[in-house]
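J.: Have a look; sequence and predicted model below, questions after that.
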Amino acid sequence: MSSTLGKKLLMALTGLFLVIFLVVHLSGNLQLLLNDEGRAFNVYAKFMTTNPLIKTTSFILYAAFIVHIIWAIILTVNNKKARPVGYAKTSASTNSTWSSRNMGILGTIIFIFLVIHLKNFWYVMHWGPIDMVKYEGQEYRDLYATVDMAFSQLWYVVLYVVAMLGLMFHLYHGFSSAFQTLGLNHVKYNPVIKFVGVAFAIIVPAMFAAIPVIIYFKNF
């Protein structure tokens, strides 16, 4: 997989895998909005961190993130080296979309957010001090309280929304690009792929962004 095509194939495969992760992650996060004092979310979080199949899949997810980020950096650097300066100045805007020309910047915004997000939630979930709650005699870590506290901070809510805007543009280009790289595009189906890609790129990040905003104003 040393060739540019090989890197693009890995980017496409890992990207589509991460798209599936986004759907699963969103379905879990939406439970934060239920009016049950965090019960559904805490039960969901315990299942996701104790189920053997989910735990095994999580290692594949970590690997997908790492590969996707590394190859993205390499491809961005190689593209900049290969692109003539004059061509970039005169023809870039007519030959490509804004999101495709700025995938490096968008990826950097998402990466910075991921580092902070993992530190505030993933690290705390595994090794941080978290209070326990009981539902029907069974103990659960009160991760809802951790999320609720984080989303009561305006700076974090703003960062979250900005990152989701970055994700929106990233997905806008990446979704259809992945199908093209994998050779799954077809004149007959391209309009459908583009429609689904645009809808996904708008709806999923928007729903993610809405969660911290709603929780912030609920606690305001």
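T.: Received it, and whenever you're ready, just let me know what you need.

J.: Averaged pLDDT, the helix or strand that contains Ser27. What do you get?
T.: Counting by DSSP states H and E, the element that carries Ser27 is helix 4-29. The average pLDDT within helix 4-29 is 85.

J.: what's that helix packed up against?
T.: In this structure, helix 4-29 packs against helix 39-50, helix 52-82, helix 154-181, helix 190-219, with contacts taken as 3 or more Cβ pairs under 8 Å, 6 or more residues apart in numbering; DSSP states H and E. Where C-beta positions appear, they are placed from N, C-alpha and C, glycine not excepted.

J.: Now do the buried residues in the first one.
T.: Residues of helix 39-50 classed as buried under the neighbour-count rule (16 or more other Cβ atoms under 10 Å) are 40-42, 44-46, 48.

J.: of the residues you listed, closest to Val213?
T.: Using Cβ to Cβ, Phe41 is the member of those that lies nearest Val213, at 17.0 Å.

J.: looking at this structure, which helix or strand is least sure?
T.: Least confident helix or strand of the chain, by mean pLDDT, DSSP states H and E, is helix 85-95 with a mean of 51.

J.: Quick one: low-confidence residue ranges for this protein.
T.: 1-5, 79-80, 82-104 (pLDDT under 70).

J.: Quick check: the gap between the residue of the chain most remote from its centre and Leu154.
T.: Distance from the centre of the chain peaks at Gly137, with 34.9 Å (Cα atoms, centre = their mean). For Gly137, the distance to Leu154 equals 38 Å [Cβ to Cβ, to the nearest Å].

J.: Kindly report the same for His186.
T.: Distance, His186 to Leu154, by Cβ to Cβ: 46 Å.

J.: repeat for Ala45
T.: 25 Å.

J.: Equivalent analysis for Arg39, please.
T.: Going from Arg39 to Leu154 by Cβ to Cβ gives 27 Å.

J.: next one: Leu26
T.: Counting by Cβ to Cβ, the gap from Leu26 to Leu154 is 23 Å.

J.: Kindly report the same for Pro205.
T.: For Pro205, the distance to Leu154 (Cβ to Cβ) stands at 20 Å.

J.: Comparing these two, which residue is more hemmed in?
T.: Taking neighbours as other Cβ atoms under 10 Å, Pro205 and Leu154 compare with Pro205 leading, 23 against 11.

J.: hang on, the more buried one packs against Val162?
T.: No: checked against Cβ atoms under 8 Å, the pair Pro205 and Val162 is beyond contact range at 10.9 Å.
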